[in-house]
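Chemist: coords please:
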Amino acid sequence: MPANATNFALLLDLAKEGSSEKRRELLRQITDVFLAQPSDRSEKEAVLFDEIVAAVASDLETQVRIELSRKIADTVAPLRHTACRLAMDEIEVARPVLERSRALTESDVLDVIDKKSQDHLMAVTKRSDIGEKVSSALVNKGEDNVVVSLLQNTTAKIDRETYGRVTERAETSPVLHAPLVRNANVPLDMLHNVYLRVENDLRREIMRKFHGVSPAELEAALEVSRTHLSAAYGALPLDYPHAKEHISELTKAGALKPAVLVQLLREERHTAFLIAFAQLVDVDFELGQRLVDTQDLDALAMLCRGAGFDRGLFVTICIIIGNGGGGLSNAEEYGRIYELVPVAAAQRALRFWKVRAKNSNAHAA
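Modeler: Below you'll find the predicted structure:
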């Protein structure tokens, strides 16, 4: 009897067999034969195999389904029905096909994401063919550990909108910080947006990414980031126009010096201080406001060091904006923070945050 006829006979026997033990043995036999040389199988034989195996798979014991899933996951045979059935199974069975099977279409994977567990979504993040639609669905439905795994998949395609949603989640999910910063394809402006939320070692990694960027690319990223920051952080203070006029007068008189910052703080002219600080260190107002209001001393030290402020001035500013709470006792710690900032890194930070005339004119208007 020809080999193809034998295979068909085995498939028909598998479909009709009622004994689970005999069905298991038939499945192993026909699977080994069929998958050994899948390219030698006719289209009709492949279709029949796919339909019958998919139909009987749910009646098999878990361990047998796991074994079958591993074999289906690594074959190039077009066994979509079987792969789909296994992908919707419990995670121990589904994991191999979800991670590796090329028989699953994008639509099949999206269906799994929509209907199955977080463990199933985690398995999907391991695939080598993740496109933008799948990435978006994983971020929409997945918990943070799923998003982390997606970001760590170097072959996954992620579009700007999805990166934006991950960046927003990172505002309140520190577990996303490192994989987001270390993902090679995150847009530069989004790295800028997340900079103030991450730890110092990740800030240094962001700075290294920006170090080799062309001025045009950097400015484009900063412009997008400034727009985002302005929208997210809110309107200007009510006394901004009056405070701006005061700082403009000091500037015209040549009196806007770093020491003025301490005077403005002691006079409780908070908005004027923020305007003067932003102008002296050359960053936009919203960024300076955010750093001061959140008392982000590491970032403030970066800017002050890069702008050439002396250690004593930085320490005094920290004591005052800390409302005197343990201020004097913390002076040594503030000084240490300042001295730990490498000058080269501080200069890169200033380039990174540099305000362009376009932005300054917008505020002046």
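
Chemist: Would you mind listing the buried residues in stretch 141-158?
Modeler: Buried residues in stretch 141-158, counted by 16 or more other C-beta atoms under 10 Å: 142, 146-151, 153, 156, 158. Yep, even glycine has a C-beta here, placed from its N, CA and C like the rest.

Chemist: typo on my end, it should be stretch 315-334
Modeler: 315-321, 327, 330, 334.

Chemist: which stretches of this structure aren't confidently modelled?
Modeler: Low-confidence segments of the chain (pLDDT under 70): 1-26, 33, 37-42, 215, 218-235, 324-329, 349-365.

Chemist: Apply 80 and report the result again.
Modeler: Scanning the chain for pLDDT under 80 picks out 1-46, 48-49, 52-60, 192-193, 196, 210-236, 323-329, 342-365.

Chemist: Can you pull the domain assignment for it?
Modeler: 1-104, 237-364 (automatic domain parsing).

Chemist: Ok, which of these comes nearest T167?
Modeler: In terms of C-beta to C-beta, the element of those nearest to T167 is domain 237-364, at 15.6 Å.

Chemist: picking that back up, JSON lines for the buried residues of stretch 141-158, including secondary structure and distance to E43?
Modeler: Formatted as JSON lines, the buried residues of stretch 141-158 follow (DSSP: H, G, I helix; E, B strand; the rest coil; distance: C-beta to C-beta, whole Å):
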{"residue": "G142", "secondary structure": "coil", "distance to E43": "37"}
{"residue": "V146", "secondary structure": "helix", "distance to E43": "37"}
{"residue": "V147", "secondary structure": "helix", "distance to E43": "40"}
{"residue": "V148", "secondary structure": "helix", "distance to E43": "41"}
{"residue": "S149", "secondary structure": "helix", "distance to E43": "36"}
{"residue": "L150", "secondary structure": "helix", "distance to E43": "35"}
{"residue": "L151", "secondary structure": "helix", "distance to E43": "40"}
{"residue": "N153", "secondary structure": "coil", "distance to E43": "33"}
{"residue": "A156", "secondary structure": "coil", "distance to E43": "32"}
{"residue": "I158", "secondary structure": "coil", "distance to E43": "36"}
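
Chemist: Quick check, I91 in contact with S117.
Modeler: Yes. Using C-beta atoms under 8 Å, I91 is in contact with S117, at 6.5 Å.

Chemist: Quick check: closest non-adjacent residue to I113.
Modeler: Take I113 and drop its neighbours on the chain: the residue closest to it by C-beta to C-beta, 6 or more residues apart in numbering is A137, 4.6 Å away.
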